[in-house]
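Q: sequence and predicted structure below; questions after.
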Amino acid sequence: MLFADVVHSMEIAASLGAERLREIMTELLDCSTAVVQRYGGTVDKFTGDGIMALFGAPTALEDHAFRACLAAMHIQSEAERLAADVQRRDGIRLQLRVGLNSGQVIAGEIGSAAARYTAVGEQVGMAQRMESVAPPGGVMLSESTARLVDMAVVLGDPEMVQIKGSDVPVAARRLLAIGENQPRRRGESALIGRTWELNTIAGILDEAIGGAGCVVNIRGPAGIGKSRLVREAVAIAAGRGVPVFNTYCESHTHDIPFHVLARLLRAAMEINNLDPGVARARVRDRFPDADPGDLLLLEDLLAIRDAAVAVPDIAADARRRRLTALVNVASLEQRDPAVYVIEDVHWIDEVSESMLAQFLSVIPQTPALVLTTYRPEYRGELAQVSDAQTMALRPLNEAQASALATELLGDDPSISRVAERVAERAAGNPFFAEEMVRDLAERGVLQGDSGAYLLSGDVEDASVPATLQATIGARVDRLEPAAKRTLNAAAVIGLRFDSELLGGLVDDAEVTPLIEAQLVDPVRFTPIAEYAFRHPMIRTVAYESQLKSDRAQLHRRLAAAIESGAAAEENAALIAEHLEAAGDLHEALPGTCAPAPGRPSATSPPRSRVGAGRSRSPTDSHTTIRIEYRCASNPAACCAPARFG
């Protein structure tokens, strides 16, 4: 959540009068709203002298916290521009405070008449408290938000601030700037597995150095190790004296034409951070025989054009054709080997994608290796380049996953069970394992340094890290409503579920979209189709992000469906477990009023049934109250505890 508020608004109102104040606040609201929407957020409400905005609701965003930081800094820039005009016209100093917080909220349409989307909960108040302690013209982040973005932005030192409603000071950090480079990883463990892939890339690099260039696509789900493999390949290239030029795509820039292409060309021509005049001279040296008009088009693309020189007035298609021809001719004349890296192509803008596909068509005739990375859902032009080699990264096997867990945690006897749990729950995904270990360390469950931890808390209290909540939640939110309902029901059933039980919970079950989205996999086709969640974390996120009332109803219906089957007596314990999860304790445990020792409480998901999803609550017959339980631990939607023990 983001709160922005005008400093000393009452004094400004008294000095300017209502009409002039209305003009200023209208312009401030308009530009702030445009900024929030630009970064994928939603303006929740106008507070009279500020705004409240949500990022990650109603649709989950993988980089929600980073987008909120971008929006906060941009809003401050717009406020400074407006403040200069207000100072000149009215002699009044206009400043904003901005606060950000991440946490658990209920978000949805609330109201019996004109319902509107909003968020409620304790964490909304925390975002407002962060705004209240921010310095004029500054942005203050809560500790939860700072943890999500600390590798992508520049933060001030931790501060202990006193806020309303708290008896003790709370931690906060000031946002100073946005990082200019690709967000860094917090720490990098040794590369485990991927021997075949790395050797293959090294062999292809040798061929490229010899003049037979190649495009290598590295495909795999989030966290599987695509970027890690690329970094190892880049190190090999550097060791052989081959220069590497890289760029990356970002989800919030996918609608900015030429964004990725321009960054890659600027890197390849080594003009980043150069004065425009110097950069133009370097570009002209690279293209000595080029048409002057084509050079003007290229300089305009690279944002180094001399403003006093007009760009040729030609159609967009003609501009692209001329730029493509210019770059391809230069590539074919290139004699020195080079490596080009384009990461996260699934977020590429359409224009860059189209032009890069044409650039890559000549790579086999050049001494160049191009490495691209993307997720399985990407089906665009760069995944279909002729003669490209594609590597689909698989999860680490059991031995490799165990080795990674030991690498991250250490070998102290006290953490042996933790290592087993991490390896099991990460299911071969290196990033998931790294984030779980980091989360355990931040919660104080682990003490010590990376690779040499000691157990100091209860591992059963660990939750799904916010970073993983966001990554998986964003995938879930791309599903159509019927597919989401199917995923919710499947999560209540278990890690494995069959079509018969699923059909008893949802009338319009749609499993095919879940398979296509690589959220579940078919594991048996006859006599009854059976499916399994591709990763335990997917089920956990889907289960925990449902409203408790909706989830209880599904558990109740599932218990009834199992009880009506032929093996009701055999499944008595399972039926009781679902009734207990639904809150029907007397039916689940006749003659008792509490769960048996060692059993989860009625408000906790059954340990064998922990899963994942997101849904709406039923609509009351007298008043419309539609609410979603958002679970993404972001400035708009929250991270609810999700047991993985």
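A: In hand now; what should we look at?
Q: what about residue 321, how many neighbours?
A: Using other Cβ atoms under 10 Å, residue 321 has 14 other residues around it. C-beta: built from backbone N, CA, C; applies to glycine.
Q: check what pLDDT it gets.
A: As summarised for this prediction, residue 321 has a pLDDT of 94.
Q: that one falls within a helix, correct?
A: Yes - per DSSP: H, G, I helix; E, B strand; the rest coil, residue 321 lies within a helix segment.
Q: distance of it from residue 294?
A: Note on residue 321: its distance to residue 294, by Cβ to Cβ, to the nearest Å, is 10 Å.
Q: do residue 526 as well
A: 62 Å.
Q: so if I had to pick from those two, which one is more boxed in?
A: More neighbours surround residue 294 than the other of residue 526 and residue 294, with 18 against 6 (other Cβ under 10 Å).
Q: right, and the more buried one touches residue 322 too?
A: Yes - taking Cβ atoms under 8 Å as the definition, residue 294 is a contact partner of residue 322 at 5.3 Å.
Q: wait, residue 385 sits on residue 358?
A: No - using Cβ under 8 Å as the test, residue 385 is too far from residue 358 to be in contact (9.7 Å).
Q: more neighbours: the two, which one.
A: residue 385 (21 against 17).
Q: need the next SSE after the helix or strand harbouring residue 482, C-terminal direction.
A: Under the criterion of DSSP states H and E, residue 482 resides in helix 481-493. Next helix or strand after helix 481-493 toward the C-terminus (DSSP H and E): strand 496-498.
Q: please identify the buried residues of stretch 153-166?
A: Neighbour-count burial for stretch 153-166 flags 153, 155, 161, 163 (criterion: 16 or more other Cβ atoms under 10 Å).
Q: closest to residue 173 among the residues you listed?
A: residue 155 (4.5 Å; Cβ to Cβ).
Q: ok, the closest one to residue 450 distance?
A: Counting by Cβ to Cβ, the gap from residue 155 to residue 450 is 21 Å.
Q: equivalent analysis for residue 345, please.
A: 31 Å.
Q: of these two, which one has the most company?
A: Comparing residue 345 with residue 450 by other Cβ under 10 Å, the one with more neighbours is residue 345, at 24 against 17.
Q: is it true that that one touches residue 381?
A: No - in this structure, residue 345 is not within contact of residue 381 by Cβ under 8 Å, at 9.6 Å.
Q: domain map for this structure?
A: 2-178, 195-392, 400-457, 468-628 (automatic domain parsing).
Q: so for residue 189, which of the ones you listed sits nearest?
A: Minimum separation from residue 189 across the domains of the chain (Cβ to Cβ) falls at domain 400-457, 5.0 Å.
Q: figure out how far the closest one is from the centre of its chain.
A: Centroid separation between domain 400-457 and its chain, computed with Cα atoms, centre = their mean, to the nearest Å, is 23 Å.
Q: how far does that domain stretch from one end to the other?
A: Start and end residues of domain 400-457 are separated by 26 Å (Cα to Cα, to the nearest Å).
Q: going forward, count from 630.
A: Sure, I'll start numbering at 630, so the last one becomes domain 1029-1086.
Q: now it: average pLDDT?
A: 89.
Q: mind checking the SS state of residue 1045?
A: Here residue 1045 is recorded as helix under three-state DSSP.
Q: what's the answer for residue 954, then?
A: helix.
Q: now do the contacts for it.
A: Shown in contact with residue 954 (Cβ atoms under 8 Å, 6 or more residues apart in numbering): residue 923.
Q: now do it against residue 1113, distance only.
A: Residue 954 is 46 Å from residue 1113, by Cβ to Cβ.
Q: repeat that for residue 765.
A: 43 Å.
Q: could you look up the SS state of the residue nearest to residue 1074 when sequence neighbours are not counted?
A: Once flanking residues are discounted, residue 1074 sits nearest to residue 1086: 3.7 Å by Cβ to Cβ, 6 or more residues apart in numbering. Following three-state DSSP, residue 1086 is assigned to coil.
Q: quick check: residue 1086 touching residue 1068?
A: No - with contact defined as Cβ under 8 Å, residue 1086 does not reach residue 1068; the gap is 11.9 Å.
Q: so which of these two has more stuff around it?
A: Higher neighbour count among residue 1086 and residue 1068: residue 1068, with 19 against 13, using other Cβ under 10 Å.
Q: could you say which helix or strand contains the nearest residue to residue 887 once chain neighbours are set aside?
A: Leaving aside its chain neighbours, residue 887 sits nearest to residue 980 (5.4 Å; criterion: Cβ to Cβ, 6+ apart). Element membership for residue 980 (DSSP H and E) is helix 979-989.
Q: quick check: neighbours of the next helix-or-strand element following that helix in the sheet, parallel or antiparallel?
A: Counting by DSSP H and E, the next helix or strand C-terminal to helix 979-989 is strand 997-1003. In the sheet, strand 997-1003 lines up against strand 843-848 (parallel), strand 967-972 (parallel) (DSSP bridges).
Q: just after the lengthiest strand in the chain, pick out the following helix or strand.
A: When the chain is scanned for its longest strand (criterion: DSSP state E), the result is strand 799-807. Going down the chain from strand 799-807, the next helix or strand is helix 824-838, by DSSP H and E.
Q: report all helices and strands that that next one contacts.
A: Other helices and strands packing on helix 824-838, by 3 or more Cβ pairs under 8 Å, 6 or more residues apart in numbering; DSSP states H and E, are strand 843-848, helix 855-868, strand 997-1003, strand 1018-1021.
Q: one more pass at 7 Å, please.
A: Contacts defined by 3 or more Cβ pairs under 7 Å, 6 or more residues apart in numbering; DSSP states H and E place helix 824-838 against strand 843-848, helix 855-868, strand 997-1003.
Q: can you list the buried residues in the longest strand of the chain?
A: Buried residues in strand 799-807, counted by 16+ other Cβ under 10 Å: 799, 801-804.
Q: mind putting these in TSV, pLDDT and distance to residue 1002 included?
A: Formatted as TSV, those follow (pLDDT from 0 to 100; distance: Cβ to Cβ, whole Å):
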residue	pLDDT	distance to residue 1002
799	92	39
801	94	35
802	95	31
803	95	33
804	95	29
